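1. make a model of this:
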Amino acid sequence: MKRGSEKTEQKKIHKLTPAQILILGFFLVITAGALLLMLPVSSAEGEFTPPNTAFFTATSATCVTGLITVDTGIYWSGFGRAVILLLIQIGGLGFMSMAMMFSMLLKRRVSPMERVVFVQSMNLFSGERMFSFIKKMLVFTFAFEGTGAVLLSVKFVPEFGFWSGISKGIFHSVSAFCNAGFDILGKSYGSFTSIEHFADDFYVNAVIGALIVCGGLGFLVWSDIIKSIKERKRLMLYSKMVLVISGLLIAVGTAVFLVYEWNNPETMGDASPGGKLLRASFMSVTCRTAGYATMPLGGLSGASKVFAMLLMFIGGSSGSCAGGIKTVTAGIILVSLFQIIKGNKDINIRKHRIESGVVTRAFVLLLTAGIAILSSCFLLSLTENAEFIDLSFEAFSAFGTVGLTTGITPTLSVLGQVIIMALMFFGRVGIITITYVILLGINKEKIEVKYPKANILIG
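-> Numbers count the residues shown, from 1 in each chain. The predicted structure follows:
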């Protein structure tokens, strides 16, 4: 009887779609992390942590967001911070990447279904040379995080002592590269202040900013860059688009924040011209899904908040630690709009034709993300007592797995926390994945019937 029940369970697992496996996997990781964080050993005071706080923190860490209801450096013990760091690393690499890594170490055969799940979890083109890609991904990750940890430790050790400086260097390096935005500086510089203490420190800004950008470009892009250097080949169109769009967003973002915050005394008005440029450029970088802040965001002007929401909505690149609808998706949507208005039948970018299915998926992503955020903003306006623009900022930040806040996260009600957790999960697991699950039943049976054309007026 026992064997029969085991076979039944295996059949049930195999019946799950790749998208459902991803959702279940992330949910189980979050649940395990939350249960560990609820234990007295995880809190600095040695007390049980309320379930809503533990689940919110675990969701934020696994979804590499950075929104918190309690200060990470003050509330959690060393064990609790270690759990959060592990969740950030799993969330950044993706739980399927970790599973594939253990399969490699144990020399276990990977099933075709596992390959499909991995490819979908990383938004890759195909499953070819999967283990080669995983090895490169791990090398890139630990090389960047290790270098960042050393560079940050050089700054932190003289200030915090040897062991504390090294642990802070490691924590912030992993958090920055995974675009998580968690910090453990609250005990030294005040709760919920992120890295504001280093607002005018070029060294810390440069190291953390570089880690954020590197983590947000995506492993596929880094692999292509290395390959192009070694083999002296041109970059793929995808890699070129990622680099160009990312560079443009950082440059335009810096200019916009400089214009609207130059004389704002609550953000950068009292800084030197060089300090203003540093704060604006870092803000432009961190809005792309990082979550670190060098100035109090509650003081941002309305125009800056709106533009920050746009950057958070776009996010980073596919196959990276970043969230949002992704840079190339935004690029395809923008190019498509211009070419459709011109009357072009095909969408072409640099002598390459973009398939209609890719364009359609980009617009579906845009619409799905918009509906999710607008619905969440409406619900938050019912459950929370805060300005609508701040609630919107929180919703965009959660969806883009950014972690920036105007200061309302700790004041969220339990229902508000649930809404934000759902948005973080939605943004990290991927709206393509969740849309696939929702539409799975509709697409099971394809009816090959062509109906008569309808005359429809638009506009």
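
2. which residue, other than its chain neighbours, is closest to residue 159?
-> residue 165 (6.7 Å; C-beta to C-beta, 6 or more residues apart in numbering). For the C-beta atoms, the positions are set from N, CA and C on the backbone; glycine is no exception.

3. equivalent analysis for residue 199, please.
-> Nearest one to residue 199, counting by C-beta to C-beta, 6+ apart, is residue 294 at 4.0 Å.

4. so that neighbour touches residue 282, yeah?
-> Yes: if you go by C-beta atoms under 8 Å, residue 294 and residue 282 touch, sitting 5.3 Å apart.

5. on that earlier part again, show me the contacts for the residue nearest to residue 159.
-> 153, 156-159 (C-beta atoms under 8 Å, 6 or more residues apart in numbering).

6. please tell me which one of those counts the most neighbours.
-> For those, the largest neighbour count, defined by other C-beta atoms under 10 Å, is 23 neighbours, found at residue 156.

7. for the residue found closest to residue 346 once you drop the neighbours it is linked to in the chain, grab phi and psi.
-> Leaving out its chain neighbours, the residue that sits closest to residue 346 by C-beta to C-beta, 6+ apart is residue 353, at 5.3 Å. Here is the backbone geometry of residue 353 (degrees, to the nearest 10): phi -90, psi 130.

8. return the distance of residue 353 relative to residue 408.
-> Residue 353 sits 45 Å away from residue 408, taking C-beta to C-beta, to the nearest Å as the criterion.

9. who's more crowded, these two?
-> Neighbour comparison, residue 353 and residue 408: the larger count goes to residue 408, with 19 against 10 (by other C-beta under 10 Å).

10. number of residues surrounding the closest residue to the more buried one other than its chain neighbours?
-> Nearest non-adjacent residue to residue 408, counting by C-beta to C-beta, 6+ apart: residue 386, 5.0 Å away. Other residues near residue 386 come to 17 when the count uses other C-beta under 10 Å.

11. any idea whether residue 386 is helix, strand or coil?
-> On the three-state scheme (DSSP: H, G, I helix; E, B strand; the rest coil), residue 386 is labelled coil.

12. quick one: it and residue 409 touch, right?
-> No: taking contacts as C-beta under 8 Å, residue 386 lies outside contact range of residue 409: 10.5 Å.

13. pLDDT at residue 368, what is it?
-> As predicted, residue 368 sits at a pLDDT of 89.

14. next structured bit after the longest helix along the chain?
-> If you go by DSSP state H, the chain has its longest helix at helix 130-160. Counting by DSSP states H and E, the next helix or strand C-terminal to helix 130-160 is helix 162-177.

15. export only the CA atoms of that following helix, formatted as CSV.
-> Provided in CSV are the C-alpha atoms of helix 162-177 (Å, rounded to 0.1, in the frame of the first residue of the first chain):
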residue,chain,number,x,y,z
PHE,A,162,37.1,43.0,12.0
TRP,A,163,34.4,40.3,12.2
SER,A,164,31.5,42.8,12.2
GLY,A,165,33.0,44.6,9.2
ILE,A,166,33.5,41.4,7.2
SER,A,167,30.0,40.1,8.0
LYS,A,168,28.5,43.5,7.0
GLY,A,169,30.6,43.4,3.8
ILE,A,170,29.3,39.9,2.9
PHE,A,171,25.7,40.7,3.7
HIS,A,172,25.5,43.9,1.7
SER,A,173,27.4,42.5,-1.2
VAL,A,174,25.0,39.6,-1.6
SER,A,175,22.0,41.8,-1.0
ALA,A,176,23.2,44.4,-3.6
PHE,A,177,24.1,41.8,-6.3
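
16. and the gap between the residue nearest to residue 159 and residue 83?
-> Distance from residue 165 to residue 83, by C-beta to C-beta: 21 Å.

17. the helix or strand hosting residue 55 versus helix 162-177: what angle between them?
-> Per DSSP H and E, residue 55 falls inside helix 51-62. Taking axes from the mean of the first three to the mean of the last three C-alpha atoms, to 10 degrees, helix 51-62 and helix 162-177 form an angle of 70 degrees between their directions.

18. then helix 51-62 to CSV, C-alphas only?
-> Extracted C-alpha coordinates of helix 51-62, given in CSV (Å, rounded to 0.1, in the frame of the first residue of the first chain):
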residue,chain,number,x,y,z
PRO,A,51,3.6,35.1,11.7
ASN,A,52,2.7,38.2,9.6
THR,A,53,6.1,39.7,10.3
ALA,A,54,8.0,36.5,9.6
PHE,A,55,6.1,35.7,6.4
PHE,A,56,6.4,39.3,5.2
THR,A,57,10.2,39.3,5.8
ALA,A,58,10.6,35.8,4.2
THR,A,59,8.6,36.8,1.2
SER,A,60,10.6,40.0,0.8
ALA,A,61,13.9,38.2,1.1
THR,A,62,13.0,35.3,-1.2
